[in-house]
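>>> Generate a structure from the sequence data that follows.
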Amino acid sequence: MQTEQPRRDNLYYAANLIGLAVLVYLAVSALLQTALAALLAALPGIPAWGTALANCAVTAADLAAPLLCLRHWAAPLGLPPLRLQRPHREAALIGLPLFLCFTTLCGVAANLVRMLLDLGGYVPPQTMRLPEGGALVLSFLSVCLIPAVGEELFFRGTIQKLLSPYGGWFSIIVSSLFFTLLHPDLSQLPSIFAMSLFLGYVAAASGSVANTILLHFANNTSSFLLLWSRQQMDGTNAMAFSAVLFTLYFAAGLLALPALIRRGGPRRLPRYPTRRNRMGRTERILPAPFFTFTLLLLVLTDLLEYFR
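The predicted structure is shown next:
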């Protein structure tokens, strides 16, 4: 008996567009990073602020290209336009401390994963060396602000939004999968996936990507401060600085938790009316060639990273 083929509905086409957009991200990233490396090699006298400014431009262009492509391609599918508003007060007063507390726990889990991977000989990617003076401000923009805005607009504001009519958690998991696999450090992958689920839930429950930009920016800033302390302080003071930050995050999270409970707990994700299809979502999304190819490419890249 002949098996039924997946109906090529909007989910099939949306999956292909997402795969193409991520391929654009990978291609643009490779081209820009190669061009930047060639420029720095040809002009060794570029000051630190010039290098940091070039990194800002590369980071912004790398995220803007796939974002603009995907939003243009997905317009016929009814993708709503981006509307950036101010973050909700609830996200700042409750969501932010809870998220920082959650990311602290994720950081502990990442360190445990790194210890396990170290037993197999895995060497994490080398962390960037932060400059000093005015270049440090530009590095802050390229590491903290630009990725927070660009990644949230691309992954939560576009990819997740494009898939949301097919299920809240389905869209969160798929967008988080791509978001996670694009990060090179294997020891960070489980914690990044968990944090992405948190951000995806906030975006879906609040209906505003501005809230996740705030949370993402806060997490990046925290990581930036920890990296700065390790590079500018001696070991004892750096550990003390980290302990103070983590204590503040835990205390703020514990204070925010009762406030969340008083407000009725976490919100339910909105439901969208969708066309019925006899095929399951996985059966409809995996046959999309660009989606599956890109996903397998990212998985293979991360596997090869282990043997680097």
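>>> How about residue 146: what's its closest non-neighbour residue?
Counting by C-beta to C-beta, 6 or more residues apart in numbering, residue 59 is the residue found nearest to residue 146 once chain neighbours are left out, at 4.8 Å. Every residue, glycine included, has its C-beta placed from N, CA and C.
>>> Residue 259 now?
Leaving aside its sequence neighbours, residue 259 sits nearest to residue 94 (C-beta to C-beta, 6+ apart; 5.3 Å).
>>> what sits against the closest residue to residue 181 other than its chain neighbours?
Leaving out its chain neighbours, the residue that sits closest to residue 181 by C-beta to C-beta, 6+ apart is residue 298, at 3.8 Å. For residue 298, the contacting residues are 22, 178, 181-182, by C-beta atoms under 8 Å, 6 or more residues apart in numbering.
>>> which of those has the most neighbours?
Using other C-beta atoms under 10 Å as the neighbour criterion, residue 22 leads the contacts of residue 298 with 25 neighbours.
>>> State the distance from residue 102 to residue 294.
Residue 102 sits at a distance of 28 Å from residue 294 (criterion: C-beta to C-beta, to the nearest Å).
>>> So if I had to pick from those two, which one is more boxed in?
Neighbours were counted for residue 102 and for residue 294 using other C-beta under 10 Å; residue 294 has more, 23 against 18.
>>> Could you pull up the contacting residues of that one?
Applying C-beta under 8 Å, 6+ apart, we find residue 294 in contact with 18-20, 22-23, 178.
>>> Buried ones in the helix or strand hosting residue 65, by neighbour count?
Here residue 65, judged by DSSP states H and E, is contained in helix 48-73. For helix 48-73, a neighbour-count test (16 or more other C-beta atoms under 10 Å) marks 48-49, 51-56, 58-60, 62-63, 65-67, 69-71, 73 as buried.
>>> any chance you could map the strands in the stretch 1-150 of the chain?
Taking DSSP state E, counting those that start in this stretch as the test, none of the stretch 1-150 of the chain falls into strands.
>>> Please verify my assumption that the residue nearest to residue 146 contacts residue 144.
No - using C-beta atoms under 8 Å, residue 59 makes no contact with residue 144, being 10.5 Å away.
>>> Now do the longest helix along the chain, average pLDDT.
Scanning the chain for the longest helix, with DSSP state H as the assignment, gives helix 10-42. Per-region confidence: helix 10-42 scores 94 on mean pLDDT.
>>> Can you spell out which helices and strands pack onto it?
Helix 10-42 sits against helix 48-73, helix 160-163, helix 168-181, helix 281-285, helix 289-306, with contacts defined as 3 or more C-beta pairs under 8 Å, 6 or more residues apart in numbering; DSSP states H and E.
>>> got the CA coordinates for the fourth one in CSV?
Only the C-alpha atoms of helix 281-285 are listed here, as CSV (Å, rounded to 0.1, in the frame of the first residue of the first chain):
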residue,chain,number,x,y,z
ARG,A,281,4.4,18.4,12.2
THR,A,282,7.6,16.4,12.1
GLU,A,283,6.5,14.5,9.0
ARG,A,284,5.8,17.8,7.3
ILE,A,285,8.9,19.7,8.3
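>>> ok now do the residue nearest to residue 259, which residues does it touch?
256, 259-260, 263.
>>> can you tell me which residues contact residue 143?
Contacts of residue 143 by C-beta under 8 Å, 6+ apart are 128, 220, 224.
>>> Thank you, goodbye.
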